[in-house]
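Participant: just to be clear, the model below is a prediction. Sequence and coordinates:
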Amino acid sequence: MTKLNVWISKHQNKITALIAIFIALSLVSSFLLKLEMVATIFMIVASILGAIPVALHAISALQNKVISIELLVTIAVIGAFIIGEYEESAVVTFLFLFGNYLEQKTLEKTRSSVKSLTKMAPTTAELVNDNGQTETVDVDDLDEGDHVLVKPGGQIPVDGKIISGTGYMNEASITGESTPVKKDVGDKVFAGSLTDNGTITVETTSVGEDTTFGKIIELVEEAQDSQSPAARFIDKFATYYTPAVLIIGILVWIFTRNFPLAITVLVLGCPGALVIGAPVSNVAGIGNGAKNGILMKGGNAVNSFSKVDTLVLDKTGTLTTGKMSVTDIDNFGTDKDEMLGLLSAVEKTSDHPLGQAIVKYISNLGIKKTPELPEFDTIKGQGLVGQTDQFRILVGNERLMKENNVKISGEQRESINKRMNDGDSVVLMAINKELRLVAGVNDQLRPDAREGLQALKDAGLKRVVMLTGDNRLAAQRVAERLPVDEVHAELLPEDKVEFVKKFQERGSIVAFVGDGINDSPSLATADIGIGMGTGTDVAIETSDIILVKSSFDALAHAYVLAKKTVANTKENIVIAVGTVALLLLGLIVGVIHMGSGMFVHELSILVVIFNAMRLIKNKSQKLDTDQVLKTAN
Amino acid sequence: MAKVILQLGELTCPSCMTKIQKAVENQDGVSNVKVLFNAGKVRADFDESKTSADKLAEVITDLGYEVLKVKVREMA
C-alpha cells in the first residue's frame, strides 16, 4: 500500500497523460469508428486509472481524520461508475488530476521569488583542519569555532569573524548595499555575502538557520504561510465546508432520491479556488517583496500596512543617511587643540553618530593626543559628562547646558544660531561650567526621501510625521525640503512612543519607520513597525516589515505592494465564491453536469493563480539578487 | 531533544498540510510541528529516545509525499 502510494504520487503526471490518451481513444472509437462498446471500455479503463490516485489520497487523509476534497471526488466518481456514467467519471478524474498538475506548475511560479532567495544560501564550505589543510564540507557539518577559508569571489558560508586576511565584501543579501565594504581581521562577516577580492579565514560564530541570512530566509518562508485575517477565516471555513458538502450531498440523495444529482453536488461543492485563492495572493505578494529587499512578516503585516494612513519617521538614520560630517567648530577657549582633544576624549565614549563624526573630524585634524577620562556618564537625551583630574566636561545639546547652569554669551548665541540656520545639529562643550566649543554637524538627507514620500502620499497615505531628538531648527530645515505634515523636535525615545500612541488614540493606523537601534519601543507600539536598513537581529525581531535596503523607494514600493496584495486577495475570494454560486445556479437551471462542473472548478483555480501572478511582475527597481546569484555561481 | 527539518517536494493542496501535520504530531515524542506549505518544509522537535528523524521521514513518505532532504540538529 505504502509503496504503491509513493509510486503513484511520483508518476501521477504520467497517469494523468495516460488517462487523456484513453479518453481520446474512446472519443475516436465512438465518433469516428462508431464502436460504442470499445469506446465504453476505454472510458472504464480511464475512470479506474484516474480513481486510484484520487482514492488513495482520500484514504490517507481519512486515516488522519481529515475529510478532503479527494474524498468528495472519489465518492462522486464511484457513484458515477455505479450508475454507468463512465464518460462522466473518466472526465471528472482527468480534469481533477490535470488541474492538480497545472496548479502545481503555476504555484511553483508564485513561489519562485522566495526560491531564488533560498538558493543564495551557502551550501558548502572550505574547512581548515588542524594541519592547515582545507577540505570541502557541507555547511551543516560546521560547528561554532571552526575555521573556514574563503577565496576571492567566493561566498561566505557562515556568520563569523575574520581571523586572517582582508578583503572587500559584497553584503547586498544582508544590508542591501551592493557597494563592497572593506573588512579586516576582527571584523564580522555574514553568511551569504560575497568576497569581491582577498582571501580570508573566518572563525565561525553561527551556522545555517542561526545566521542572519538564515533568519531572513526563515522569516520569509514563515511569512508566506502566515495568513491575513481574511485568509484565515476562509481556511477555517474550508475545514467545515468540505464535510458540509458531503452531508448536503447525502441529504440531497435522501430527499430527492436523485442519485446523479447528489453526486453532482459533491463535485460542484469542491472548495478548490476558495482554499487556494487567498493564500496564493499572499505568497505572490510577499515573494515580490522579498525579491525587492522588502521582508513582510506574513499576511497580517501586509493587511495592516495596506490600511496605514499615518507614517511616523525618525529623522536621524532614517530620513537622513546617518553618515554625519562636521561642518565647523568654533572655539571660545584658550588653546583650541587642547579643547578639541578633550571633546574627542568625551565623544569617544559614545556610539552616537554625532559623536563618531566629531571624533573622526578631530582625528583628521591631526590631533591624536586625548587625555584619559577616569569617569564618564551618559545623560539620555542631553549628552555626555566626563571628568578628568582638572576638568568637568559637558558635551551635548543646549538642554544639557541649561540644566547645568552654563551661561551662553551673545557671541556664542550668534554662533549657535548660525549653525542651526544652516540646518546643522549643534554640539556644545563646556569646561567647568564655561562654554568653550560650538560644533556644527551636518547629516545628509537620503537622496530618494522626497520622491519616496511623495509616492507614498500619492498611494493614499494621509499624514507624514517626522520625530527627532535633534533641535527644532535642524528638524525644520530637513522638513522644509520634504512633503512632511508635522514635525516634532527635541524628543526623547519615550516621547516618540507617546506620539505614536496619541495618533493611535485619534483613530489613525500608524506605521513607524526607524533603524531599530534606539527606537524599538516605537517600532513595537506602532500598528506596523518598519525596520530600515539594518540587518540586525533586533530589527528583524521587532519589526513587522524589514527594508533590507535603506531606501524610500523600497518603502513606497512596499506600501503599494501591500495595497495591491490585499486587493488581489479580495478579488480572488470574490472569484471563488462567485464560481460556487454560479455553479449552483447552473445546477438548478440544469445547464451544469458533473464533467462541466469540474471543468469550471479547475478553471477557477487557474484564474485565481494567474490573478495572483500579476503581483509577481509588479516591481520597481530590483534588488541585486540576480547579480549576486550570477556572481555566486 | 533534537530539531529536524525535512525538505519535501512541492506541496499543492492545503489539505496535504493538515494531513502531514497530524501524522507527524501523532508520533510519540514529537512536539512543535510546523508544516511550511509554500516552502514545502516540515519543522519539528523530537525526543531522540522515543523516535528518530528517519522514522519521521518514513511517516511522511508513507502518506505519499517525497522527502528530499533531512536535517537534524541537536538542541542544547
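Facilitator: All right, it came through fine.
Participant: mind listing what's buried in the lowest-mean-pLDDT helix or strand in chain B?
Facilitator: Across the helices and strands of chain B, the lowest-confidence element by mean pLDDT, DSSP states H and E is helix B:14-25, at a mean of 80. Of all the residues in helix B:14-25, those buried under the rule 16 or more other Cβ atoms under 10 Å in any protein chain shown are B:14-24. (Each C-beta comes from the backbone N, C-alpha and C, glycine too.)
Participant: residues touching A:Thr199, list them.
Facilitator: Each residue near A:Thr199 by Cβ atoms under 8 Å, 6 or more residues apart in numbering or on different chains is listed here: A:149-152, A:165, A:167.
Participant: distance-wise, check it relative to chain B.
Facilitator: Distance, A:Thr199 to chain B, using Cβ to the nearest Cβ, to the nearest Å: 29 Å.
Participant: dihedrals phi and psi, that residue?
Facilitator: Backbone torsions of A:Thr199, given as degrees, to the nearest 10, read phi -100, psi 130.
Participant: count the residues that sit near A:Ile174.
Facilitator: The number of residues packed near A:Ile174 is 23, by other Cβ atoms under 10 Å in any protein chain shown.
Participant: packing partners of the helix or strand containing it?
Facilitator: Using DSSP states H and E, the element containing A:Ile174 is helix A:172-175. Judged by 3 or more Cβ pairs under 8 Å, 6 or more residues apart in numbering or on different chains; DSSP states H and E, the packing partners of helix A:172-175 are helix A:212-225, helix A:625-632.
Participant: rank these by mean pLDDT and give me the bottom one.
Facilitator: Between these, the lowest average pLDDT goes to helix A:625-632, which shows a mean of 40.
Participant: against A:Ile174, how distant is the closest residue to A:Gly317 other than its chain neighbours?
Facilitator: Among residues not flanking A:Gly317 along the chain, A:Asp515 sits closest, at 4.5 Å (Cβ to Cβ, 6 or more residues apart in numbering or on different chains). Distance, A:Asp515 to A:Ile174, by Cβ to Cβ, to the nearest Å: 15 Å.
Participant: separation between the residue nearest to A:Gly317 and A:Leu384?
Facilitator: Separation of A:Asp515 from A:Leu384 (Cβ to Cβ) stands at 21 Å.
Participant: phi and psi next, for A:Pro353.
Facilitator: phi -60, psi -40.
Participant: so who does it touch?
Facilitator: By Cβ under 8 Å, 6+ apart, the contact set of A:Pro353 is A:316-317, A:322-324, A:443.
Participant: determine which two of the residues you listed are furthest apart.
Facilitator: Of all pairs drawn from those, the greatest distance, 10.6 Å, lies between A:Thr316 and A:Lys323 (Cβ to Cβ).
Participant: now the common contact residues for the two.
Facilitator: Listed contacts common to A:Thr316 and A:Lys323 are A:353, A:443; contacts here mean Cβ under 8 Å, 6+ apart.
Participant: got a list of what A:Asp309 touches?
Facilitator: A:460-463, A:508-509.
Participant: separation between the closest residue to it other than its chain neighbours and A:Lys496?
Facilitator: Nearest non-adjacent residue to A:Asp309, counting by Cβ to Cβ, 6+ apart: A:Lys462, 4.3 Å away. Distance, A:Lys462 to A:Lys496, by Cβ to Cβ: 20 Å.
Participant: same drill for those two, tell me which one is more crowded.
Facilitator: It is A:Lys496, of A:Lys462 and A:Lys496, that has more neighbours when counted by other Cβ under 10 Å, with 24 against 12.
Participant: right, and that one touches A:Leu523 too?
Facilitator: No. A:Lys496 lies out of contact with A:Leu523 (Cβ atoms under 8 Å); the separation is 10.0 Å.
Participant: and A:Cys495, what element?
Facilitator: Heads up, residue A:495 is Asp, not Cys. Going by DSSP H and E, A:Asp495 is part of helix A:493-505.
Participant: many thanks, we can stop here.
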